Structures are given as C-alpha cells and as structure tokens.
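Visitor: Coordinates for the following, if possible.
(one chain, ligands or ions: 1)
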Amino acid sequence: MPGEHPQTLTRSTVAVRSASAPAAPDAETLHEIHRQERASVTGAPVTAPLLPAERALLRSVEHAVLDERRLLTATELSALAALPDSAVMALASLAHQVRLTWCGPAVEVEGILSAKTGGCPEDCHFCSQSSRFDTTVKATPFLDTDEVLEAARQTAALGASEFCIVLAIRGPDERTLARILELVPLVHAETGLNVAVSAGILTKDQARRLAEGGVHRYNHNLETARSFFSEVVTTHSFQERVDTCQLVREEGMELCCGALLGMGESDEQRIELLSELQDLDPTEVPVNFLNPRPGTPLGDRAPVGAWEAVRWIALFRLALPGVILRYAGGREITLRDLQAIGMTAGINALIVGNYLTTLGRSSADDLQMLDDLRMPVAALTVAF
Ligand code: SF4
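Guide: Model prediction:
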C-alpha cells in the first residue's frame, strides 16, 4: 500500500498474497545462481534475453518484496548484484514496480542550501569542504538570514516541498545551533516548506532541541560500509554517525541517511551498507555518486559507470522498498542521458538546482523530465 512502512506491511497482507506464489529459492540455491551468473557476466550485451536462472531469481525477489512484503536478505541482494548487465533493465523494471507499490507515483522535490561552506575540520576523503585538502572551496561564514530566505523562496517557486539547510561542520556549537533554531521557523513561515537540516554529529540534547524547534528531517549520511569507512574518513567513526542517526529517530525527526557510491568500495560492502540502512530504517535515502573533486584524496577516481549506477539504484530500491530514494550529487556525470532511466528504476525524489559545491543540471530540465515521465510532484513521507 502506498506510503506504508515495511514493518506495518508484513502482517495482514502476507497470507492472502502468498497463496499462489512460487516458492522462493533458499540461500544455497541463490548462491548457485550467483555463481552461474558470475560466469556469464563478461561481455554480455545489455540487450541479451534473460536466462532461466535470472528469471527465477527475479521472480523470487518479486514475491518476497511485493507479496510477502519482507525485506531482502544480504544473500538475496548479493545474488542480484551478481546478475549480468543484460539483466539490469529487468532489475530496474522490478524496482520501479516496488517503488509504485510501496510509495506511489509521486516524486518529492527538494532544494538544498550550503549555509556555511568549507573550512570543515573533518577529513572525509571525498569532500572538497575539508580544510585538510587543497581544493578551490574556501571557508565562508554562515549566510545571513535574508540569503537563506531568498534561497528558500526560490526553492518553493520550483514546486519543492522540502528545503535543507546544510552546514560544513563536524557538529554544531551553541552559537550555530541557536542560528539554526532561529532560521527553521522563519523559513517555514515564509515559504511553507518543510525544513530539513544537515549539521553533522549531534548530542542527544541537540537532537531534542532541533526536533522541538520544528526541524522536519535531519540529514546524516552513513556514506559507505562500516568495513570501508576508515579508508575514507579518519577523524570520526562510523559508529558516531550511526549514533547520531539513532538520536534523530529517537527524538522524533525524520531521518535522512544517504550513501556515496564509487569511492572504491566492493559490491559486498555496498550490500553491507544496505543492511545497515535496513536496520536504521530511515525515511529518506539520498544516493550520491562520487564526483571526484580535484585536490581531495579521491580526486582521480573514475566515476561510476551509467549502467552500474542504474543497477545500484534498483538494488537500493529493492533493499529499502518504502524509503524516499533521492537522486543527489553526481548523477549528471554518472548517468548522463540515462537520468530518466533512474527515475524508472526506483528513484522517487530529486534534489533540484545546485549541490553543495558542484553545479546540478537546470531545474527546468529536471521538471521537464518528470513531466515527460508523467510523474506528479508532491511531498512524501512515511506513514509510521
Ligand atoms: S563530508 Fe561533512 S563532515 Fe566530512 S569534511 Fe565534508 S563537510 Fe566536513
């Protein structure tokens, strides 16, 4: 049912829908499919028809997510990740059905504003806002109130429902927190937009004050797998990020918790990340693809390929059927002309306009894409 939360969907619907469904392969069978498909991956054209084993895997996953209404296991996700490129469109098609069934047809549009840019003391190796790397991004002070309100008005004019105030900091000090708490009700009163905030690591008291101050959604990304995190960040731990995400939920804000793909992580580590996200149960998951920034330690990495990106968008939707899955940074250089395919592979939300330190494509192009796809723009949330 559109908008319902995974945990609410496993009760009444299962018995009715399971009656005529095929038996899902057990883990051993899935591993065998996985092994067979690995052998067929090399050089497979994307137009090749599905093999019987591929169809069987997709049918079992369809049954699990649409009929049983359960979350996929890491074993099932590994089998899907090993499908050849020729099966990616079928994977995307299934993910699109899952998105429509669990979330409905609407697409949520959001604008983000970097309200305090650069000069961050942390060392996230992908980030041009770290003061530890020699990049072109220079530290600027917190924008004044008029600048923030003007950006919010422009976002509202695009038909967006969400506006995220982003700060490049490890976490807020008292002065910064007070500024955020001053801005949030002003933006909401002036524009009617839901206001999200991204301000790093929080204490329990800070999370409570932000929730009480009207912050609708708080963004704090896991970015990558626990087992890979220390390769790309050394100044704080993965667990610190998890702790903040849990505080956000405990204090009653919606959790926005995203990923950044293409930093050198393995497929298994992407699935490990998906399992962590299943446990955290966020409302929204922004999917970023690395846009290598000159001067950062990851500045010379090759971007994720377009077809690989479509595969992982579909896998994120299949692993997290009820979330708001948002296109975020890097989609322009990764997907290029395939951006519309991502919208039919599980994405149901967009950041429009520019990102924090890189330019996005024009808002008009994005809104035209949604119009061409006949996808209505609306606010989304999860019904707990
Ligand atoms: S990702 Fe955030 S915490 Fe990390 S360096 Fe950039 S601004 Fe700082």
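Visitor: Confirm for me that residue 331 is in contact with residue 291.
Guide: No - contact between residue 331 and residue 291 fails when scored by C-beta atoms under 8 Å: they sit 9.2 Å apart. In short, each C-beta sits where N, CA and C put it, glycine included.
Visitor: Where is the longest strand in this protein?
Guide: Longest strand in the chain by number of residues (criterion: DSSP state E): strand 108-116.
Visitor: So is that strand next to the ligand?
Guide: No - using C-beta under 6 Å from any ligand atom, strand 108-116 stays clear of the ligand, with a minimum separation of 9.3 Å.
Visitor: can you give me phi and psi for the residue nearest the centre of the chain?
Guide: Geometric centre of the chain, nearest residue: residue 286, 2.2 Å, by C-alpha atoms, centre = their mean. Main-chain torsions, residue 286, degrees, to the nearest 10: phi -80, psi 130.
Visitor: Residues of the stretch 151-300 of the chain that sit close to the ligand?
Guide: By C-beta under 6 Å from any ligand atom, the residues of the stretch 151-300 of the chain that approach the ligand are 168, 200.
Visitor: Which parts of the stretch 151-300 of the chain are strands?
Guide: Along the stretch 151-300 of the chain, counting by DSSP state E, counting those that start in this stretch, strands occupy 162-167, 194-198, 217-219, 254-256, 259-261, 284-289.
Visitor: Adding mean pLDDT, write those strands out as CSV.
Guide: Converted to CSV, the strands of the stretch 151-300 of the chain look like this (pLDDT from 0 to 100):
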stretch, mean pLDDT
strand 162-167, 94
strand 194-198, 96
strand 217-219, 97
strand 254-256, 97
strand 259-261, 98
strand 284-289, 97
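Visitor: still on that earlier bit, residue 331 and residue 291: who's more crowded?
Guide: Set side by side, residue 331 and residue 291 show more neighbours around residue 331, with 26 against 22, by other C-beta atoms under 10 Å.
Visitor: which ones are touching the residue nearest to that one when sequence neighbours are not counted?
Guide: In space, and not counting its chain neighbours, residue 331 is closest to residue 339: 5.9 Å by C-beta to C-beta, 6 or more residues apart in numbering. Contact analysis of residue 339 by C-beta atoms under 8 Å, 6 or more residues apart in numbering lists 327, 331-332, 369.
Visitor: For those residues, work out which two are farthest apart.
Guide: 332 and 369 (12.1 Å; C-beta to C-beta).
Visitor: Counting neighbours, show which residues of the longest strand of the chain come out buried.
Guide: 108-116 (16 or more other C-beta atoms under 10 Å).
Visitor: now the stretch 201-350 of the chain, which segments are flagged as low pLDDT?
Guide: Within the stretch 201-350 of the chain, not a single segment meets pLDDT under 70.
Visitor: Who's the closest spatial neighbour of the residue of it found nearest the ligand, skipping the chain neighbours?
Guide: Using C-beta to the nearest ligand atom, the single residue of the stretch 201-350 of the chain nearest to the ligand is residue 233, 6.8 Å away. In space, and not counting its chain neighbours, residue 233 is closest to residue 124: 5.0 Å by C-beta to C-beta, 6+ apart.
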